[in-house]
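S.K.: Below is the sequence, then the predicted model.
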Amino acid sequence: MPVQLNHTIVWCTDKKQSASFLAGILGRPAPRAFLHFLIVDMDNGVSLDFYQQDKKPALQHYAFLIGEAAFDQVIARIKQQKLNHWADPARTQPGQINHHWGGRGVYFEDPDGHLLEVITKPYGDPSGIVQRTTNT
């Protein structure tokens, strides 16, 4: 059997809020309950399993590969919710998106501060990098 990522746990302070935020921003089905988790399923069989804890979680980064039309929808939701967003993970390019490898990408935070990213092209051949950003 090939090695595949099956799921990851997303530690959070409010699993309903965090799972619903991710499902909503990505246009996914509503989170489903499984034991003490709230699960957000992705199209490739991977799930993000939200687990609530009392203390602030260690911050993580989660990146999602999406299509061009879905990217437009995510950007619209980011703007509608007045979320801060950046073209880079260091958050030095506010209000912008990137165009690496001829695609588009943007970073934003979930309710606990995890850095989420959506990209339309997988990171790959450095010779294809386009190092420009645009305001959204």
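M.R.: Everything's here; your move.
S.K.: so what's the spatially most central residue of the chain up against?
M.R.: Using Cα atoms, centre = their mean, the residue of the chain that lies closest to the mean C-alpha position is residue 116, 3.5 Å off. Residues near residue 116 by Cβ atoms under 8 Å, 6 or more residues apart in numbering: 22, 25, 61-64, 107-110. The C-beta positions use only the backbone N, C-alpha and C, and glycine is treated the same way.
S.K.: go again using 7 Å as the cut-off
M.R.: Applying Cβ atoms under 7 Å, 6 or more residues apart in numbering to residue 116 gives the contacts 62, 107-110.
S.K.: looking at the residues you listed, which has the most residues close by?
M.R.: For the contacts of residue 116, the largest number of neighbours (other Cβ atoms under 10 Å) sits with residue 107, at 23 neighbours.
S.K.: what number of residues lie near residue 121?
M.R.: Using other Cβ under 10 Å, residue 121 is surrounded by 16 other residues.
S.K.: Check what contacts the helix or strand where residue 21 lies and list those residues.
M.R.: Taking DSSP states H and E as the definition, one finds residue 21 inside helix 15-26. Contacts to helix 15-26, defined as Cβ under 7 Å, 6+ apart, come from residues 10, 12, 29-31, 38, 40, 48, 50-52, 64, 74, 77, 110-112.
S.K.: show me where the protein has strands.
M.R.: Here the chain has its strands, by DSSP state E, at 7-12, 32-34, 37-41, 47-52, 61-65, 85-86, 96-98, 105-109, 115-119, 133-135.
S.K.: List the buried residues in the fifth one.
M.R.: Pointing back at strand 61-65 there. Across strand 61-65, burial judged by 16 or more other Cβ atoms under 10 Å covers 64-65.
S.K.: Now do it and strand 115-119, the angle between them.
M.R.: If you take axes from the mean of the first three to the mean of the last three Cα atoms, to 10 degrees, strand 61-65 sits at 20 degrees to strand 115-119.
S.K.: roughly how far is strand 61-65 from the heart of the chain?
M.R.: 5 Å (Cα atoms, centre = their mean, to the nearest Å).
S.K.: That one pairs with which strands, parallel or anti?
M.R.: Using DSSP bridges, the strands paired with strand 61-65 are strand 115-119 (parallel).
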